[in-house]
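Q: I would like the atomic coordinates for the input below:
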Amino acid sequence: MTTAIQNVAGAASSAISSASKATDALGKDAFMKMLIAQLQNQDPLNPMDGTQFVAQLAQFSSLEQLTNLNQTMGSLPEYLGAFSNAQMVNLIGSEATAEGNSISLNGSSANITYRLPSDIQSGTIKIYDSNGSLVDTVKIGSQKTGLQSTTWNARNQAAGNYTYEISAVDRNSKDVTVDKMISGKITGVSFKNGSSYLTINGQEVAFSNVVAINKSNA
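A: Reported below is the predicted structural model:
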């Protein structure tokens, strides 16, 4: 009997050692090897109790299910990422507002969007062409906190993409830092290093910087 127990212990130790070298954990393969070794080396005069055997099989079944679940959950982020990317493509053609400072001019005027952290008394918007040259200056008056916009009367400026800088002061003549925003149609979607980017007014914007999207009905 003592020899049988030693055989079980030795076989089990060998099975665990072999599996541990590959996984550093007691997985389902090591568990099954240990169970088989236990059956092969049990004492014929005192065999394993049936209830105990069924309990060990139930443990093995639970271990296998947990292992399979863990493998499935490990692939979940990849599946969700692919699904999210596929959904992102459907945004092309929609109108979006995001952090940025580009202006798309397609006619005689364009809206310039920005976000005010507090009320302002006045402000100045400087507009630059693609070469970085100042082409116009727009004055703005008193405005409230929140998302605001000002119409730029571009007059004879050529159609294309422009950039802008904005400065503002409150009623106490203290500078107010304004969040520059862009607003326009989403014309493209790209994916880099696990992140999604939208092309708005010719400017690539991280999806995390988008503050609003209006789905096109077209």
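
Q: And the helices in this structure?
A: For the chain, the helices defined by DSSP state H cover 2-23, 28-40, 50-89.

Q: Among those helices, which one carries the weakest average confidence?
A: Mean pLDDT is lowest for helix 2-23 out of those, coming in at a mean of 46.

Q: Ala98 and Met181 touch, don't they?
A: Yes - under the criterion of CB atoms under 8 Å, Ala98 makes contact with Met181 at 6.7 Å. C-beta here means a position set from N, CA and C on the backbone, and glycine is covered the same way.

Q: residues touching the closest residue to Tyr162 other than its chain neighbours, list them.
A: Nearest residue to Tyr162, sequence neighbours excluded (CB to CB, 6 or more residues apart in numbering): Ile103, at 4.4 Å. Counting by CB atoms under 8 Å, 6 or more residues apart in numbering, Ile103 makes contact with Ala110, Ile112, Ile127, Trp152, Asn161, Tyr162, Thr163, Tyr164, Ile182, Asn201.

Q: Distance-wise, check Ile103 relative to Val178.
A: Note on Ile103: its distance to Val178, by CB to CB, to the nearest Å, is 15 Å.

Q: now Gln87
A: For Gln87, the distance to Val178 - CB to CB - is 32 Å.

Q: I'd like to know how many residues surround Gly107.
A: 7 (other CB atoms under 10 Å).

Q: Tell me who's in contact with it.
A: Taking CB under 8 Å, 6+ apart as the test, what Gly107 contacts is Ala154, Ala159.

Q: what's the spacing between it and Tyr114?
A: The spacing between Gly107 and Tyr114, counted by CB to CB, is 21 Å.

Q: Same question for Asn214.
A: 18 Å.

Q: likewise Ser104?
A: 15 Å.

Q: Tell me which of these two has more neighbours.
A: For the pair Ser104 and Tyr114, the greater number of neighbours falls to Tyr114 (22 against 19), based on other CB under 10 Å.

Q: Give the bridge partners for that one, please.
A: On the basis of DSSP bridges, Tyr114 is bridged to Gln148, Lys180.
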